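[1] Based on what follows, work out the 3D shape:
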Amino acid sequence: MKHRPGYFAPKSFEQFTQSDKERQLEEAVSSERPFSEVPFLVAANFIKADAVRVFVPIGMNFSAADIPFQQRGKTVQAEFDFAGQVRGPQNSVVSAVRDTIRVRLDPEKSQKQRRAVQYTTGFYLKPGLYSLKFLLRENQTGKLSTFEQPLSVPDYGGRKVSMSSIILSTRLEPQTQRDKAIQKLGGSAGALPGTSKLPDPLVVEQKRIVPSVTHVFSRAETLYIFFQTYLPHHKGAPHLTQSLVFYREGQLFQRSAPVELAEFDEDSPDTVTSNVSTPLSSFPKGQYVLEVSTTEASSGASLTEKVSFVVQ
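    The predicted structure is shown next:
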């Protein structure tokens with residue numbers, strides 16, 4: 001049999017050694033070729049971490065309906081690898097993450113639970129323009145999918161009043177405990193040097209807010225709304241007035257009473273955190289827009305931010 005130099009007959013994924021699997025991930029995340037065997041959604045949010053860095057929580061959500069979960073004793077499970085890169089100028093890798101997780105399901109509830117799986121991670125980045133690329137691999141069949149998009153990290157250090165992303169969630173986790181159905185088998189966090197001691201901005205009262213990727217919620221759930229307002233170089237206590245307005249199908253649905261905020265967060269000279277919850281039982285099914293308006297009394301500065309979601 002003749003073959004060209006450097007040619008190797010292709011293996012099936014089941015025949016891959018561990019080094020084969022690692023090499024496949026490295027090549028796939030570096031390749032310009034897209035993969036789409038397991039479609040998934042990615043959402044990024046932005047929260048100020050310190051004077052020079054922004055915390056960028058990343059959420060990935062994918063349907064597990066077609067994933068071949070394996071029966072292991074009394075549970076069914078699937079294993080996934082994730083690889084992500086943030087690239088800066090000249091396509092240099094600024095930060096990277098590599099995780100392996102195992103998802104376990106209760107067989108009696110598996111059909112319901114298999115609707116979606118969410119994976120979350122995060123990066124600490126300086127303001128600027130980047131490109132974000134994520135790869136997912138299902139580890140029984142070797143199915144691959146990639147996602148790539150520009151990432152513009154805002155600068156919260158200016159003199160103007162500014163606001164973080166408005167984060168919507170229906171999930172709270174104890175700070176020291178993660179979802180028992182998802183086990184992290186190994187990996188590395190994406191962070192800049194010196195960020196390991198930075199607090200997680202999404203931990204409020206010892207509970208971690210898990211940002212929603214899809215912004216699709218049920219009327220049986222409680223909606224948690226999290227955002228921060230920044231007043232760099234502000235002298236004295238803040239004097240903020242904030243209001244929340246919900247629009248349904250383009251029409252005014254609900255308006256909150258204005259709230260006066262006169263204190264910065266503990267140990268912060270410029271940040272005011274807002275954390276609001278509302279049951280969705282009174283929200284009819286439909287498409288909504290949440291509008292957050294903020295006014296700073298001493299300067300007269302004001303800003304408005306919006307976020308969309310669906311109740312079904």
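[2] residues in contact with the closest residue to Leu261 other than its chain neighbours?
    Sequence neighbours aside, Leu240 is the residue nearest to Leu261 in space, at 4.2 Å (criterion: CB to CB, 6 or more residues apart in numbering). For the C-beta atoms, the positions are set from N, CA and C on the backbone; glycine is no exception. Applying CB atoms under 8 Å, 6 or more residues apart in numbering to Leu240 gives the contacts Thr229, Leu231, Glu260, Leu261, Ala262, Val272, Thr294, Thr295, Glu296, Ala297.
[3] can you list contacts of the host helix or strand of Val276?
    Assessed by DSSP states H and E, Val276 sits inside strand 271-279. Counting by CB under 8 Å, 6+ apart, strand 271-279 makes contact with 48, 204, 209, 222-231, 238, 240, 242, 244, 261, 263-265, 292, all of which sit outside it.
[4] Same question for stretch 249-258.
    Contacts for stretch 249-258 (CB under 8 Å, 6+ apart): Thr241, Gln242, Ser243, Leu244, Val245, Phe246, Tyr247, Phe283, Gly286, Gln287, Tyr288.
[5] Sort out for me which of the residues you listed are in strands.
    Thr241, Gln242, Ser243, Leu244, Val245, Phe246, Tyr247, Gly286, Gln287, Tyr288 (DSSP state E).
[6] out of those, who has the most neighbours?
    Tyr288 (21 neighbours; other CB atoms under 10 Å).
[7] Just checking, which helix or strand succeeds the helix or strand bottoming out on mean pLDDT in the chain along the chain?
    Taking mean pLDDT, DSSP states H and E as the measure, the helices and strands of the chain show their lowest mean at helix 110-113, namely a mean of 51. Going down the chain from helix 110-113, the next helix or strand is strand 117-125, by DSSP H and E.
[8] what is the mean pLDDT for that next one?
    Strand 117-125 shows a mean pLDDT of 89.
[9] elements contacting whichever strand or helix holds Asn61?
    Take DSSP H and E as the rule and Asn61 turns out to sit in strand 54-62. In terms of contacts (3 or more CB pairs under 8 Å, 6 or more residues apart in numbering; DSSP states H and E), strand 54-62 is packed against strand 40-44, strand 47-48, strand 117-125, strand 128-138, strand 144-153.
[10] Just list the residues touching Asn45, thanks.
    Asn45 neighbours (CB under 8 Å, 6+ apart): Val56, Pro57, Ser164, Ser165, Ile167, Pro211.
[11] In space, what's closest to it - neighbours in sequence excluded?
    In space, Asn45 is closest to Ser165, 3.8 Å off (CB to CB, 6+ apart).
[12] Against Pro127, how distant is that neighbour?
    14 Å (CB to CB, to the nearest Å).
[13] quick one, which of the two is more surrounded?
    Ser165 (19 against 15).
[14] what helix or strand does that one sit in?
    Going by DSSP H and E, Ser165 is not in any helix or strand.
[15] show me what contacts it?
    Asn45, Phe46, Ile47, Phe227.
[16] What backbone torsions are found at it?
    Backbone torsions of Ser165, given as degrees, to the nearest 10, read phi -60, psi 150.
[17] Can you tell me how far it is from Phe134?
    18 Å.
[18] do the same with Phe80
    12 Å.
[19] Same check on Gly250?
    Taken as CB to CB, the span from Gly250 to Phe134 is 34 Å.
[20] ok, the two, which is more surrounded?
    Phe134 (22 against 8).
[21] Surely the more buried one touches Gly59?
    No: with contacts counted by CB atoms under 8 Å, Phe134 stays clear of Gly59, the gap being 10.5 Å.
[22] Now the common contact residues for these two.
    Counting by CB under 8 Å, 6+ apart, the residues touching both Phe134 and Gly59 are Val42.
[23] quick one: low-confidence ranges for the protein?
    Applying pLDDT under 70 to the chain picks out residues 1-10, 66, 106-115, 176-197.
[24] Just confirm Asp267 is within a strand.
    No: assessed by DSSP: H, G, I helix; E, B strand; the rest coil, Asp267 does not belong to a strand; its assignment is coil.
[25] Check which helices and strands the longest helix along the chain sits against.
    Using DSSP state H, we find that the single longest helix of the chain is helix 18-30. Secondary-structure packing of helix 18-30 (3+ CB pairs under 8 Å, 6+ apart): strand 75-87, strand 128-138, strand 144-153.
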